[in-house]
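>>> Fold the following.
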Amino acid sequence: MPNQTPQSPAYPLPDDQALGKAAHEALNAHWAAAARLGRVMAVVTAAAVRDILTDHDHDAPFDATHAELVEAADGSLHGTGRYWTADGTETSFTEAIGQHEAATGVHGMNEWAPYLGDTNRAVWSPLVEEMPDRDGQQVFRLDLAKAAALPLD
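Reported below is the predicted structural model:
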């Protein structure tokens, strides 16, 4: 097939400067949205722990200071139902509120916690302490007070 010289561009494109500016603006908006998602989901995760332990009574006292999260193969985090109290006691939602309620609570918590992942690791990684791996999964201990203090905006 012989080479043909085009008579006009196949399709119009913006100039390189406008295209570069638009690409940078889109990337900046993407990373800002990922960071906001991480902040909001860290706060939601802290709220979920409170809600599980208080049966959604936001004025009720609760004793959790840290919650365990495990990292799935896709990089997302998931609550396990284990948590720590201020005195360092490790316990679980099951021990605190019973098997059925704990399972329901962890299920609800894990509607939101998996939005914490690789795309917003810079947000949540300062809030966690790495724990020993378990069954090949990375395990973290989330500081609930630090998570709850994040700005939503």
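>>> So which elements touch the longest helix anywhere in the chain?
The residue-count maximum for a helix in the chain (DSSP state H) belongs to helix 16-54. Judged by 3 or more Cβ pairs under 8 Å, 6 or more residues apart in numbering; DSSP states H and E, helix 16-54 is in contact with strand 64-71, strand 77-85, helix 93-97, helix 99-109, helix 121-124, strand 137-143, helix 144-148. In this view, the C-beta of every residue, glycine as well, is placed from N, C-alpha and C.
>>> Direction included, what does the helix or strand just after the fifth one pair up with?
It stands for helix 121-124. Later in the chain than helix 121-124, the nearest helix or strand by DSSP states H and E is strand 128-134. Strand pairing for strand 128-134, determined by DSSP bridges: strand 137-143 (antiparallel).
>>> now the strand it pairs with and strand 77-85, what's the angle there?
For strand 137-143 against strand 77-85, the angle by axes from the mean of the first three to the mean of the last three Cα atoms, to 10 degrees is 50 degrees.
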